[in-house]
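**Student:** no sequence on this one, just coordinates:
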């Protein structure tokens, strides 16, 4: 119970910083909206390809915008933690009797909460553009997959922050998340990719997250797509969680 209360307390503090430091949160909200609006307009003609089967490109790009927004919501947790380290607040947390796992769980919970808000804003913008959202179950899948990716990005950014102990590492946090999304099936289905990107996207776990979210948005989710997406999310959470936890333990031995 102490671990839970400490985790939610740290998450609440993390979320309060959104109001105090809007410059940290606003870019993570503007970026997915920019992606949604710009790509759905500029690439609308791509939707005429046979691989899209007549699907609206706005509906096709919404999961990518939601996933990108969730990724940057996760990065915000790492940036906030880096500021706490530079300011000395994190050292006080380490000296306190707070459970160590709560130091990771708090920013993680905050990242997931921010991703839910970001995904909602993306959906509202898409609905203004004429998109009809899917049913409740399929909408929940899109939210859940975005939240899972926010957790992955958060743990990655936290691990970087704990290793570098500086907010100047923010570009590294961001570029990895950015590249992981755009080197997947960000703009076209896998069947339409050619060359090296086709091979990279096949091995990129984010591909399976996007494909499941798009199936939920366009056709309705099936286990054939949801299963690989859950597996990919689980593997990424395990890897980034180990990355962050190892950094926390090393920091505690200094």
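**Tutor:** Good, I have the coordinates. Since the structure is predicted, the reported quantities are computational estimates derived from the model, not experimental observations.

**Student:** and residue 166, what pLDDT?
**Tutor:** Predicted confidence (pLDDT) for residue 166: 85.

**Student:** how about the residue nearest to it when sequence neighbours are not counted, what does it touch?
**Tutor:** Distance criterion C-beta to C-beta, 6 or more residues apart in numbering; nearest residue to residue 166, sequence neighbours excluded, is residue 82 at 6.1 Å. Quick note: C-beta positions are derived from backbone N, CA and C, even for glycine. The contact partners of residue 82, by C-beta atoms under 8 Å, 6 or more residues apart in numbering, come to 161, 164-167, 169-170.

**Student:** Check which helix or strand residue 82 maps to.
**Tutor:** Element membership of residue 82, judged by DSSP states H and E, is helix 57-87.

**Student:** other SSEs contacting the helix or strand following that helix?
**Tutor:** As assigned by DSSP H and E, the chain's next helix or strand after helix 57-87 is helix 89-95. Contact analysis of helix 89-95 by 3 or more C-beta pairs under 8 Å, 6 or more residues apart in numbering; DSSP states H and E lists helix 57-87, helix 100-128 as its packing neighbours.

**Student:** Could you list the low-pLDDT ranges of the chain?
**Tutor:** 1-2, 17-25, 41-54, 252-254 (pLDDT under 70).

**Student:** Which parts of it are strands?
**Tutor:** Remark: no strands are assigned in the chain by DSSP state E.

**Student:** quick one, helices of it?
**Tutor:** Applying DSSP state H to the chain gives helices spanning 2-20, 22-42, 57-87, 89-95, 100-128, 136-164, 170-182, 196-203, 205-218, 223-252.

**Student:** Tabulate the helices and strands packed on helix 89-95 (TSV), appending distance to residue 145.
**Tutor:** Listed next are the helices and strands packed on helix 89-95 as TSV, based on distance: least, C-beta to C-beta, whole Å:
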stretch	distance to residue 145
helix 57-87	7
helix 100-128	10
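
**Student:** mind checking which of the ones you listed is nearest residue 215?
**Tutor:** helix 57-87 (9.1 Å; C-beta to C-beta).

**Student:** Please point out which parts of that closest one sit buried.
**Tutor:** 57-85 (16 or more other C-beta atoms under 10 Å).

**Student:** now stretch 204-220
**Tutor:** Neighbour-count burial for stretch 204-220, counted by 16+ other C-beta under 10 Å, picks out 204-218.

**Student:** repeat for stretch 147-156
**Tutor:** Quick answer for stretch 147-156 (16+ other C-beta under 10 Å): 147-156.

**Student:** Considering those residues, which is situated nearest to residue 186?
**Tutor:** Proximity of the buried residues of stretch 147-156 to residue 186 (C-beta to C-beta) peaks at residue 149, which lies at 12.9 Å.

**Student:** In space, what's closest to that closest one - neighbours in sequence excluded?
**Tutor:** residue 70 (4.9 Å).

**Student:** Contact partners for the one you found?
**Tutor:** Neighbours of residue 70 in contact, by C-beta under 8 Å, 6+ apart: 115, 118-119, 146-147, 149-150, 153.

**Student:** next one: residue 206
**Tutor:** By C-beta under 8 Å, 6+ apart, the contact set of residue 206 is 67, 149, 180-181, 184, 232.

**Student:** and the two most separated of the residues you listed?
**Tutor:** Farthest apart among those by C-beta to C-beta are 181 and 232. That separation is 13.0 Å.

**Student:** Looking at the helices and strands packed on helix 89-95, spot the one closest to residue 9.
**Tutor:** That would be helix 100-128 among the helices and strands packed on helix 89-95, by C-beta to C-beta, at 7.0 Å.
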